[in-house]
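J.: Sequence plus the predicted model coming up.
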Amino acid sequence: LMADPAFLYKLAFEQVVTISAATMYEVAHRGDRLKAEWDLALSNIMQLSVANALTVWCMTPVRSFGSSATNGFQKFLASMPNNAFDRAGPLRQYTNA
C-alpha cells in the first residue's frame, strides 16, 4: 500500500463497478427465475468480485527495500525492476547493462 496510497479507493471503485455489472447481468440473464435461483446468482457475483479483487491486488505496484538474496539467481532477480515503470531509487539502482 505504500507504493500507491489511493489503492483502496481504486479497489473499492473496481468492486462497485464489478458488483453492479454482475448484478445487472444476472437480472437480465435470469429474468423471472432470479427469485428461485438467487443463491446461484449471489454465488456468481461473489466469485467474480473475489477474482476481480485478486487481479487488482496482483497488479498493484510494490515498494521494495533491498533484498535477502543468497544465491546468484536470487541476486539477479533482486536486481531487476518490479515493473516496466519502476524508477531507480537510493536503495535500488538499475543499469542498462
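T.: Okay, I see it.
J.: Show me the longest helix that occurs in this structure.
T.: helix 7-30 (DSSP state H).
J.: Give me the three-state assignment for the residue sitting furthest away from the middle of the chain.
T.: Distance from the centre of the chain peaks at residue 32, with 34.5 Å (Cα atoms, centre = their mean). Here residue 32 is recorded as helix under DSSP: H, G, I helix; E, B strand; the rest coil.
J.: Return the residues in contact with the residue most central in space within the chain.
T.: Central residue check for the chain by Cα atoms, centre = their mean: the C-alpha nearest the mean position is that of residue 56, 1.8 Å away. Counting by Cβ atoms under 8 Å, 6 or more residues apart in numbering, residue 56 touches 10, 11, 14. Glycine gets a C-beta too; all of them are placed from N, C-alpha and C.
J.: mind running it again at 6 Å?
T.: For residue 56, the contacting residues are 11, 14, by Cβ atoms under 6 Å, 6 or more residues apart in numbering.
J.: Show me the shaky parts of this structure.
T.: For the chain, the stretches with pLDDT under 70 are 1-3, 62-69, 82-84, 89-97.
J.: and if we set it to 50?
T.: Along the chain, segments meeting pLDDT under 50 are nowhere present.
J.: Which stretches in it count as helices?
T.: With DSSP H as the criterion, the chain has helices spanning 7-30, 38-58, 72-78.
J.: Buried residues, the second one. List them.
T.: Same thing as helix 38-58. Neighbour-count burial for helix 38-58 flags 41, 44, 45, 48, 52, 56 (criterion: 16 or more other Cβ atoms under 10 Å).
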